[in-house]
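> Turn this into a model:
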Amino acid sequence: MSTIAELRLPAPETTLATAFEHAPEVTFELESSVSKTHPCLWASGVDRATIETALEADPAVKGHDLLVEANTRLLLDLEFVDGEGIPQLCNPLLEDGGSLLEAWGSNGWWQVRVRFPDRDALCNAYDRLLEQGVSADLRRVSDVTDGEDPETRLTPQQREALEAALEYGYFEIPRQISMEELAKELEISHQALSERFRRAYETLVDEELQPTDEQPPTN
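As a prediction, this is how the structure comes out:
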């Protein structure tokens with residue numbers, strides 16, 4: 001049985017704090033499948049000029065290249081100063097066999113979702129963060145039985161957004177709460193909530209439209 005944990009980490013104690021200061025509306029999301037040499041981040045909520053200026057101002061960033069510009073999102077290949085950047089954020093979590101599932105940042109905070117072999121590995125990772133001066137906030141912990149595949153379902157933050165939207169009447173006609181108000185209830189930015197909804201809708205539609213013979217068996 002493995003353990004899935006979601007942690008919230010302050011950017012000033014991890015990475016890209018200066019970039020967040022120069023582009024407070026930005027939402028970063030780690031894209032791990034594009035580059036094998038440097039971490040790649042999706043940036044949304046700001047225009048190209050703003051994010052490029054923010055990255056150039058951040059002392060942790062050695063260089064950056066724009067890989068994809070898609071509507072309101074930019075995919076950036078980043079090179080960090082040795083010992084800093086995304087590795088600084090994630091490596092303490094992965095030393096005991098942890099696997100990074102997601103990492104995203106907004107409003108000067110990073111949130112990561114990691115699969116650990118067991119709860120002991122999670123505790124060790126948490127202790128390492130504290131020893132390095134990172135004020136880690138453990139948001140959610142769940143155990144996953146063998147055979148489950150959490151990456152094919154809604155992520156905890158997507159489920160939280162949808163449940164909150166249902167509870168507060170966002171889906172009612174007329175709506176009982178605006179997206180801006182709902183984002184405040186969840187203590188996230190309007191852009192971050194919009195992105196959660198977009199990804200949640202995409203996941204639900206994909207699962208609904210996937211051919212029956214291609215869907216994983218359910219118990």
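
> ok, and what's touching the longest helix anywhere in the chain?
When the chain is parsed with DSSP state H, its longest helix is helix 190-209. For helix 190-209, contacts defined as CB atoms under 8 Å, 6 or more residues apart in numbering pick out 25, 27, 29, 44-45, 104, 106-107, 152-155, 157-159, 161-162, 165, 179-180, 182-183, 186, 188, 215. C-betas here are computed from N, CA, C, even on glycine.

> Now it: buried residues?
Buried residues in helix 190-209, counted by 16 or more other CB atoms under 10 Å: 190-197, 199-200.

> Report the residue spans of this protein with pLDDT below the cut-off.
In the predicted model of the chain, residues 32-37, 145-153, 207-219 satisfy pLDDT under 70.

> quick one: the strands in the chain?
Along the chain, the stretches classed as strands by DSSP state E are 2-10, 27-31, 40-44, 61-70, 73-80, 99-106, 109-116, 137-144.

> Deepest-packed of the ones you listed, please.
Greatest average neighbour count among these goes to strand 40-44 (a mean of 23), per mean count of other CB atoms under 10 Å.

> Mind giving me the packing neighbours of that strand?
strand 27-31, strand 73-80 (3 or more CB pairs under 8 Å, 6 or more residues apart in numbering; DSSP states H and E).

> quick one, domains of this protein?
Following automatic domain parsing, one finds the domains of the chain at 2-144, 153-208.

> Quick check, central residue of the chain?
residue 104 (2.5 Å; CA atoms, centre = their mean).

> I figured it was touching residue 111, is that so?
Yes. Here residue 104 reaches residue 111: they are 5.7 Å apart, a contact under CB atoms under 8 Å.

> related to what we said a few turns ago, now the buried residues of helix 190-209 in TSV, with distance to residue 130?
Shown next, in TSV, are the buried residues of helix 190-209 (distance: CB to CB, whole Å):
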residue	distance to residue 130
190	32
191	30
192	26
193	30
194	33
195	29
196	28
197	33
199	31
200	32
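
> Between the residues you listed, which sits nearest residue 14?
residue 192 (17.4 Å; CB to CB).

> quick one on the thing from earlier: would you turn the strands of the chain into TSV with distance to residue 89?
Formatted as TSV, the strands of the chain follow (distance: least, CB to CB, whole Å):
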stretch	distance to residue 89
strand 2-10	7
strand 27-31	9
strand 40-44	11
strand 61-70	13
strand 73-80	10
strand 99-106	7
strand 109-116	6
strand 137-144	14
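
> Relative to residue 53, tell me which of these wins on proximity.
It's strand 61-70; of the strands of the chain, that one is closest to residue 53 (CB to CB) at 11.1 Å.
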